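# Sequence isn't available, so here's the structure alone:
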């Protein structure tokens, strides 16, 4: 898994590429933890480059979303497609968490 | 299962996930499985194998260890014609049907909001939703048959 980031106003956009599975999910845990500890409260995960996610990845995402909510922030998503979009739909995460088609929409929020 | 199917049997350890994945993807590729079906296969396989590693045996087999005799998992593949493939996944733990109706609490949990939503239960949900699966207990083994191809239900 690889991460790049971009600060956009109140938001930190994290672009994640590669695979979020049982063997790699903790890399995301560490990355999210780093930004939350640094004081970022509004994270947008751009998953357009993410090829694969399993329930282990969902578990990490749920943990990060709860952590952000606890500090008055939020975790949103954009760029889902293919298997990743399917997994978000089946798991109910697409209803549980804010999911936007594009990064622009994810950033155009109060 | 077809007697001519290729089989991979290894200790039930997370370090072997990648070998099972490579085995299954090679079979999917040679069967000409679509990208969509291949993605679902990869996902369902991970969920099933991780479940076996974590729960089938008294203790997960530690990396680099052989584990006790029988603490194994196995995948057998049979090609079922163009674009279609069938896998049988076996473990020798206590009888466990991953397709049995889930506990009512798990379904309610998926309706909960972020504060109340608990982790867990999603691996088996993905299995049930994204594959055409059948379970049977046979000769002391749990056997889960997974079919992928054009008839696989869409989410």
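Cool, got the structure. Since the structure is predicted, the reported quantities are computational estimates derived from the model, not experimental observations. Residues are numbered from 1 along each chain as shown, chains lettered A, B, ... in the order given.
# Now name the helix or strand holding the closest residue to residue A:7 other than its chain neighbours.
Leaving aside its sequence neighbours, residue A:7 sits nearest to residue A:13 (C-beta to C-beta, 6 or more residues apart in numbering or on different chains; 7.8 Å). Backbone N, C-alpha and C define where each C-beta goes, glycine included. In this assignment (DSSP states H and E), residue A:13 forms part of strand A:11-20.
# How about the following helix or strand past that strand and chain B, any contact?
Downstream of strand A:11-20, the first helix or strand assigned by DSSP H and E is helix A:25-37. No: legend: contact between helix A:25-37 and chain B by C-beta under 8 Å from any C-beta of the partner chain is lacking; minimum distance shown is 11.0 Å.
# Show me which positions of helix A:25-37 end up buried.
Neighbour-count burial for helix A:25-37 flags A:25, A:27-28, A:31-32, A:35-36 (criterion: 16 or more other C-beta atoms under 10 Å in any protein chain shown).
# Give me the distance from that helix to the chain's centre.
11 Å (C-alpha atoms, centre = their mean, to the nearest Å).
# Quick one: name whatever helix or strand follows the lowest-mean-pLDDT helix or strand in chain B.
The weakest-scoring helix or strand in chain B, judged by mean pLDDT, DSSP states H and E, is helix B:104-111 (a mean of 83). Counting by DSSP H and E, the element after helix B:104-111 in chain order, helix or strand, is helix B:122-130.
# Which strands and helices lie in contact with that following helix?
helix A:55-70, helix A:82-91, helix B:35-55 (3 or more C-beta pairs under 8 Å, 6 or more residues apart in numbering or on different chains; DSSP states H and E).
# Out of those helices, which gets nearest to residue B:116?
Shortest distance between residue B:116 and these, using C-beta to C-beta, is found for helix A:55-70: 10.2 Å.
# For the closest one, give the mean pLDDT please.
The pLDDT scores in helix A:55-70 average 97.
# Please apply the same query to stretch B:51-62.
In the prediction, stretch B:51-62 has an average pLDDT of 83.
# same check, this time on stretch B:122-131
Stretch B:122-131 comes out at a mean pLDDT of 94.
# In that stretch, which residues are buried?
Those would be B:122-131, for stretch B:122-131 by 16+ other C-beta under 10 Å.
# can you list the residues that contact that stretch?
Stretch B:122-131 has contacts (C-beta atoms under 8 Å, 6 or more residues apart in numbering or on different chains) with A:54-55, A:58-59, A:86-87, A:90-91, B:40-41, B:43-44, B:47-48, B:50-51, B:98-99, B:102, B:106, B:110, B:133, B:146-148, B:152-153, B:155.
# which residues touch residue A:2?
Here residue A:2 is in contact with A:16-18 (C-beta under 8 Å, 6+ apart).
# Check the gap between residue B:146 and residue B:140 for me.
20 Å (C-beta to C-beta, to the nearest Å).
# Likewise for residue B:87?
From residue B:87 across to residue B:140, the span is 20 Å (C-beta to C-beta).
# Comparing these two, which residue is more hemmed in?
residue B:87 (26 against 11; other C-beta atoms under 10 Å in any protein chain shown).
# what about that one, which SS state?
What DSSP: H, G, I helix; E, B strand; the rest coil gives for residue B:87 is strand.
# For it, which non-adjacent residue is closest in space?
Leaving aside its sequence neighbours, residue B:87 sits nearest to residue B:146 (C-beta to C-beta, 6+ apart; 4.7 Å).
# ok, back up a step: pLDDT on the strand holding residue A:13, on average?
Strand A:11-20 comes out at a mean pLDDT of 98.
# tell me which strands and helices it is in contact with?
Where contact means 3+ C-beta pairs under 8 Å, 6+ apart, strand A:11-20 is packed against strand A:2-8, helix A:25-37, strand A:42-46, strand A:50-53, helix A:55-70, helix A:103-107.
# Could I get the buried residue list for it?
A:11-16, A:19-20.
# Residues of chain A that sit close to chain B?
Going by C-beta under 8 Å from any C-beta, the residues of chain A near chain B are A:21-23, A:52, A:54-56, A:58-59, A:62-63, A:65-66, A:69, A:82-83, A:86-87, A:89-92, A:96-97.
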